[in-house]
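In: This is the structure alone, sequence omitted:
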């Protein structure tokens, strides 16, 4: 099974969590693209979706699903998104696609967070994947100096502007033993919009595609 086949299998397994007649939240990235494509089969059961990125919004519109404003929907039934890394407690690193802030908002506004990924994303300790942090442009240098105090090394993601008009700083070489504490600490730095640690609000379900099919993890 190729990596794309594993992603597609995980994405299609998430369809069973879709609640007919209720709007859902949809994330961003290559695995989510497979999920959006799969939604086309049941689009008549879906009154609309809140999207975490402009790219996903366009893909949803192409298959005939209305894109909704979160301000008008109230709580969503589920949020389906991928991850760059996940641990056994379903805490995640996200933001490789630079949509972390909207992803975190939609996840928080949903009753259930279903994470879909290929099994290579499951790790014992988070941090091998660079930790993305969305930052207000004027605070870029200050935030980078503060982040250096936490260990690791900082790198501005060149040529990237988020859908919110901000920049991304990636922190490399971290071994994240206490994700909740680190998430809180980074979010307190003035100028940080949010950090790509999903630990305070981890996933509720993790669907991992692999050679033996799709494995489902819950905490």
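Out: Yep, that arrived. Every value quoted in this text rests on a predicted model; they were computed, and no experiment measured them. Numbers count the residues shown, from 1 in each chain.
In: Spatially nearest residue to the most centrally placed residue in the chain, not counting backbone neighbours?
Out: In the chain, the centroid-proximal residue (CA atoms, centre = their mean) is residue 94; its distance is 4.7 Å. Ranked by CB to CB, 6 or more residues apart in numbering and with sequence neighbours excluded, the top spatial neighbour of residue 94 is residue 196, at 4.9 Å. All C-beta spots, glycine's among them, are computed from the backbone N, C-alpha and C.
In: who touches the one you found in this structure?
Out: Shown in contact with residue 196 (CB atoms under 8 Å, 6 or more residues apart in numbering): 84, 93, 94, 95, 100, 131, 132, 133, 134.
In: Quick one: the helices in the protein, in order.
Out: Here the chain has its helices, by DSSP state H, at 3-13, 30-39, 54-62, 100-108, 140-148, 179-187.
In: Over the fifth one, what's the mean pLDDT, rounded is fine.
Out: Right, the one you point to is helix 140-148. In this model, helix 140-148 has a mean pLDDT of 97.
In: now do the longest one
Out: The pLDDT scores in helix 3-13 average 97.
In: That one - contacts with which helices or strands?
Out: helix 30-39, strand 110-118, strand 205-210, strand 213-218 (3 or more CB pairs under 8 Å, 6 or more residues apart in numbering; DSSP states H and E).
In: May I see the domains of the protein written out as residue ranges?
Out: Using automatic domain parsing, the domain parsing of the chain gives 3-123+200-218, 131-195.
In: looking at the ones you listed, which is buried most?
Out: Mean neighbour count (mean count of other CB atoms under 10 Å) peaks for domain 3-123+200-218 among those, with a mean of 20.
In: how long is that domain from one end to the other?
Out: For domain 3-123+200-218, the first-to-last residue distance is 22 Å (CA to CA, to the nearest Å).
In: Would you mind measuring from residue 89 to residue 167?
Out: Using CB to CB, to the nearest Å, we find residue 89 at a distance of 30 Å from residue 167.
In: How about residue 45, nearest residue that isn't a chain neighbour?
Out: residue 20 (4.0 Å).
In: Pretty sure residue 61 sits against residue 68.
Out: No. Here residue 61 does not reach residue 68: they are 11.5 Å apart, not a contact under CB atoms under 8 Å.
In: which sections of this protein are below the confidence cut-off?
Out: Scanning the chain for pLDDT under 70 picks out no residues.
In: Please name the residues that touch residue 17.
Out: For residue 17, the contacting residues are 78, 80, 112, 114, 205, by CB under 8 Å, 6+ apart.
In: cool, and residue 215?
Out: Per CB under 8 Å, 6+ apart, neighbours of residue 215: 119, 207, 208.
In: Switch the residues you listed over to CSV; also include distance to residue 8.
Out: Below are these laid out as CSV (distance: CB to CB, whole Å):
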residue, distance to residue 8
119, 13
207, 12
208, 13
